[in-house]
Each structure stands twice: as structure tokens, then as C-alpha cells.
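>>> fold the following, please.
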Amino acid sequence: MTASDPLLERSWGRAWQALHATPPQGLQQAILAAYAEPQRHYHTLQHLSECLAHFETVAYQARHPGEVEIALWFHDAVYDVKGKDNELHSARWAVQVLDDNGVGEATCQRVHALIMATCHESTPEDDEARLLVDIDLAILGAAPGRFAEYDTQVRAEYAWVPRPIYALKRRQVLKGFLQRTAIYATSHFHALLEQQARSNLQRAVA
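Okay, here's the model as predicted:
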């Protein structure tokens with residue numbers, strides 16, 4: 001998957017047009033190169049493309065679609081498998097680029113907040129953050145085969161963690177999603193994916 005991929009090309013141009021700004025030369029390639037780094041197995045161009053494809057179906061629900069879309073591009077742009085603040089570094093990269101290219105402070109602040117929402121520490125109160133977070137979590141409600149692939153990909157990113165410890169921690173994370181009243185905060189993704197996500201997660205923690 002490259003920058004010539006129609007979805008990536010379409011999304012990139014649309015996001016910057018909505019922001020009324022022009023991206024610096026080489027930025028898209030730099031982001032794509034980041035998503036192709038060798039330590040990544042799940043947080044890759046596959047994940048980015050899946051997120052952007054979901055966004056295209058719900059873009060009409062966003063007040064500031066350009067902000068949500070550019071936040072998706074950057075949300076995993078920095079990914080250190082042992083890092084604790086990947087979202088923060090990703091958000092800072094996004095804000096620096098936007099600020100350097102004439103995007104207003106309010107927009108920069110909102111994009112920063114959107115990316116930080118993907119820490120998944122709690123359900124966001126902001127509607128656009130809810131939309132973005134649901135897109136990021138859409139993988140939980142994927143078809144069983146894709147969910148199994150995702151589970152394998154995440155394990156590969158944490159290959160440095162001993163298997164018993166990984167199994168315990170991973171089960172805790174997945175059970176945390178199951179214990180939520182709703183995994184998805186938006187009506188669109190709740191209707192579309194909630195049932196499948198719970199089925200996938202129950203099977204994974206069994």
C-alpha cells in the first residue's frame with residue numbers, strides 16, 4: 001500500500017482542503033514511512049486505511065471533518081512498542097505541522113485533543129472525539145477472521161513481553177472493553193459493530 005492508493009490519495013487531499021491549508025512537500029511520504037516501520041504489525045498502513053475507510057462512511061457526522069481526518073492520519077504516526085506516550089508525540093507532530101502551515105490555533109488544539117482521545121482512557125465527551133475513537137476501535141467489531149489477524153498482529157508487536165505476562169495483560173485489556181456498558185459511543189458504530197465486537201472479545205478471553 002503506497003501513497004498512490006486511491007483511498008490514501010483521496011483522504012489526504014480532502015483533509016487538507018477542509019483545513020484550508022497546503023501540506024508541505026514530503027509530509028505524506030514521511031507519515032506513510034512511519035506506518036511502515038518494521039516494529040509495527042498492527043499499527044500499520046492497513047490500520048490507517050481501515051480507519052480512513054470507516055471515516056468516509058461517517059464524515060457527514062463530523063462538525064470539522066478535516067480535523068477528524070487529519071487526526072486519523074497522525075493518531076499512530078509515532079509508535080514505539082515500548083513507549084508510554086506515543087499519542088502525545090503523535091499529537092505534537094500533528095500540531096507542529098499544522099501550525100507551521102498556517103492552520104489556526106483553535107484547530108490545532110482540537111486536533112491535539114482528538115489524537116489524545118485515542119489513549120482510550122475513558123469515553124470522550126466531545127462528539128467528534130467519540131467518532132474518532134469508535135473508528136479506532138472498529139477493529140474489535142471486525143469479521144472473526146480479521147479480528148484473529150488483529151490479535152496475532154498485536155501479539156507480534158509485543159513479542160518482547162513473555163507469553164504468560166502478555167496473556168494476562170491482554171486479557172485484562174479485552175475484558176475491560178467487555179465490561180463497558182457500550183464499547184461504541186456513537187449510534188452508527190454501536191448499531192454496526194457492537195454485537196460482533198462483544199462476540200469477538202468473549203471468544204478471545206474465553
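>>> quick one: contacts for the nearest residue to residue 197 once chain neighbours are set aside?
Nearest in space to residue 197, with sequence neighbours left out and distances taken as C-beta to C-beta, 6 or more residues apart in numbering, is residue 141 at 3.7 Å. In short, each C-beta sits where N, CA and C put it, glycine included. If you count contacts by C-beta atoms under 8 Å, 6 or more residues apart in numbering, residue 141 has them with 183, 184, 189, 192, 193, 194, 195, 196, 197, 200.
>>> what's the distance between residue 141 and residue 198?
Applying C-beta to C-beta, to the nearest Å, one obtains 8 Å for the distance of residue 141 from residue 198.
>>> and for these two, which residues touch both?
When contacts are counted by C-beta under 8 Å, 6+ apart, residue 141 and residue 198 have residue 183 as shared neighbours.
>>> circling back to that earlier point, where's the residue nearest to residue 197 relative to residue 123, distance?
Using C-beta to C-beta, one gets 16 Å for the distance from residue 141 to residue 123.
>>> next: residue 54.
Counting by C-beta to C-beta, the gap between residue 54 and residue 123 amounts to 18 Å.
>>> who has more neighbours, these two?
residue 54 (21 against 16; other C-beta atoms under 10 Å).
>>> for the more buried one, which non-adjacent residue is closest in space?
In space, residue 54 comes closest to residue 135 once its chain neighbours are excluded; the distance is 4.7 Å by C-beta to C-beta, 6+ apart.
>>> so who does that neighbour touch?
The neighbours of residue 135, taking C-beta under 8 Å, 6+ apart as the test, are 51, 54, 55, 58, 72, 189.
>>> thought the fifth one was touching residue 131?
No. The pair formed by residue 72 and residue 131 falls short of the contact definition of C-beta atoms under 8 Å, at 10.1 Å.
>>> in the chain, which spans are helices?
6-18, 27-35, 45-58, 65-74, 86-100, 105-117, 127-136, 144-157, 163-178, 187-205 (DSSP state H).
>>> indicate which one of those is closest to residue 80.
When the helices of the chain are compared for distance to residue 80 using C-beta to C-beta, the nearest one is helix 86-100, at 6.0 Å.
>>> pLDDT value on the spatially most central residue of the chain, please?
Ranked by distance to the mean C-alpha position of the chain (C-alpha atoms, centre = their mean), the top residue is residue 136 at 3.9 Å. Turning to residue 136, the model gives it a pLDDT of 98.
>>> contact partners for the nearest residue to it once chain neighbours are set aside?
Beyond its immediate neighbours in the sequence, the residue positioned closest to residue 136 (C-beta to C-beta, 6+ apart) is residue 118, lying 5.2 Å away. By C-beta under 8 Å, 6+ apart, the contact set of residue 118 is 75, 76, 87, 132, 133, 136.
>>> residue 75 is in contact with the residue nearest to the centre of the chain, correct?
Yes. In this structure residue 136 lies within contact range of residue 75 using C-beta under 8 Å: 6.7 Å.
>>> returning to what we had before: could you dump the contacts of residue 135 to TSV with distance to residue 37 and pLDDT?
Output for these, formatted as TSV (distance: C-beta to C-beta, whole Å; pLDDT from 0 to 100):
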residue	distance to residue 37	pLDDT
51	17	99
54	23	98
55	23	99
58	28	98
72	18	99
189	28	99
